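Q: coordinates only, sequence not included:
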């Protein structure tokens, strides 16, 4: 808890000192030791504002999907998003991890000289927190003070988190059909990330401070009634990451991940005006067009790299990203417009069968996970006093 509080305080102090991004002011805080309430806490200012959802984002005419020309409010939103991303992109560090100070018990963190703040802690993410809550022990691979000096080492850790979930979680829905799909997707997603996606030229940096949740959700952005950004909240899972992971947000057109993976051009249609806003902001500030060029390059090389980053940071998304996007991108097959079953039997089932036959270890692993899943169903039925227990699905 103290580690997370220190990282959040250090991040908020650094961002407020180095940028104009609106961050809540900290009034008081305490670590666990000496806390008057027995636990760590932060007291910060209340910011009056509304989320994009409360303002009707993608539900009212002023926020219609952009497609080729953004509405006035959408243009204003993208200009402000561009400003946030541009300023964060300038905050580079020599390694991957969360921020802190060498002596957190000295001068209060929220008034500390920002130049004393550095990468000192492990990159605690929402996924790490979830695995800790579920008792999956991600700390076995990520003990306190762990940082990463290369993008590849960090990516391999994220892939290990995926393996850790698969190995230890008893509720992965590993029936015969779903189990083979999951194993195949995670195996080839790993290969794609390490062999194709990672930029070897940026292995040792740059590494950039990024908000921990802005990629997938806009709920931490608060706006006034004129849709002017008044606060960016919840920095507790923020950390320094490879610049390649700094991608346009997933939520730009309000659609869920699976649908965007199936139709990546829909996301690209929203990324284009956002990039235009980034270019305009770079020009007005007389900055080198770094972020805009990075995002243009991403879109040219492979649209919807946002989905790749989301899946890498959140293992639960790997299945959808692989089977709705990467599989067709890598094989150049087209998703059938009609009945899916003949396509599956001809193009996918043989791959899955061959994949399982290649490795007795995969077969035994799947059998073990199916047994664990059945036991989980029994325990679930007993705990919730259900009349029926869930069953595994046969192909």
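A: Yes, it's here. On a predicted model such as this, the values are computed, not experimentally measured, just so you know.
Q: surely residue 85 touches residue 246?
A: Yes: between residue 85 and residue 246 there is a contact under Cβ atoms under 8 Å: 7.1 Å. In this view, the C-beta of every residue, glycine as well, is placed from N, C-alpha and C.
Q: shared neighbours of the two, anything?
A: Residues touching both residue 85 and residue 246 (Cβ atoms under 8 Å, 6 or more residues apart in numbering) are residue 291.
Q: compare the two (neighbour count), which wins?
A: Per other Cβ atoms under 10 Å, whichever of residue 85 and residue 246 has more neighbours is residue 85, with 24 against 20.
Q: for that one, what are its contacts?
A: Contacts for residue 85 (Cβ under 8 Å, 6+ apart) come out as 246, 278, 291.
Q: now it: which helix or strand?
A: According to DSSP states H and E, residue 85 maps onto helix 72-89.
Q: is it true that residue 146 lies in a strand?
A: No: according to DSSP: H, G, I helix; E, B strand; the rest coil, residue 146 belongs to no strand; its state is coil.
Q: thought residue 119 was touching it, still the case?
A: No: Residue 146 is beyond contact range of residue 119, at 10.8 Å (criterion: Cβ under 8 Å).
Q: neighbour count for the two, which is higher?
A: Counted by other Cβ under 10 Å, residue 146 and residue 119 do not tie: residue 119 has more neighbours, with 22 against 15.
Q: show me what that one is bridged to.
A: On the basis of DSSP bridges, residue 119 is bridged to residue 99.
Q: need the overlap of contacts for residue 146 and residue 119.
A: Among the neighbours of residue 146, those also in contact with residue 119 (Cβ under 8 Å, 6+ apart) are residue 97.
Q: re the thing from before, helices and strands around the helix or strand just after the helix holding residue 85, which ones?
A: Toward the C-terminal end, the helix or strand that comes next after helix 72-89 (DSSP H and E) is strand 92-93. Counting contacts by 3 or more Cβ pairs under 8 Å, 6 or more residues apart in numbering; DSSP states H and E, strand 92-93 packs against strand 207-210.
Q: contacts for the helix or strand following the strand it packs on?
A: Per DSSP H and E, strand 207-210 leads on to strand 221-223 as the next helix or strand towards the C-terminus. Applying Cβ under 8 Å, 6+ apart, the set of residues contacting strand 221-223 from outside is 47, 49-52, 55, 214, 229-233.
Q: now restrict the residues you listed to buried residues only.
A: The neighbour count (16 or more other Cβ atoms under 10 Å) marks 49, 52, 55, 214, 229, 231-233 as buried among these.
Q: identify the farthest-apart pair in those.
A: Distance extremes for those: the farthest pair is 55 and 214 at 16.7 Å, using Cβ to Cβ.
Q: first-to-last residue distance for stretch 240-254?
A: This stretch, stretch 240-254, spans 27 Å end to end (Cα to Cα, to the nearest Å).
Q: follow-up on the earlier one: with distance to residue 142 added, can I get the buried ones among the contacts of strand 221-223 in JSON lines?
A: Below are these laid out as JSON lines (distance: Cβ to Cβ, whole Å):
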{"residue": "49", "distance to residue 142": "34"}
{"residue": "52", "distance to residue 142": "32"}
{"residue": "55", "distance to residue 142": "37"}
{"residue": "214", "distance to residue 142": "22"}
{"residue": "229", "distance to residue 142": "33"}
{"residue": "231", "distance to residue 142": "30"}
{"residue": "232", "distance to residue 142": "26"}
{"residue": "233", "distance to residue 142": "25"}
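Q: just the closest of the residues you listed to residue 268, please.
A: Residue 268 lies nearest to residue 214 out of the buried ones among the contacts of strand 221-223, by Cβ to Cβ, at 19.2 Å.
Q: for the closest one, give me its contacts.
A: With contact taken as Cβ under 8 Å, 6+ apart, residue 214 is in contact with 84, 220-221, 232, 249.
Q: and the longest helix along the chain, what's buried?
A: Across the chain, the longest stretch assigned as helix under DSSP state H is helix 360-384. By 16+ other Cβ under 10 Å, the buried positions in helix 360-384 come out as 362, 365-366, 369-370, 372-374, 376-377.
Q: where does the prediction get shaky in the stretch 1-150 of the chain?
A: Scanning the stretch 1-150 of the chain for pLDDT under 70 picks out 59-70.
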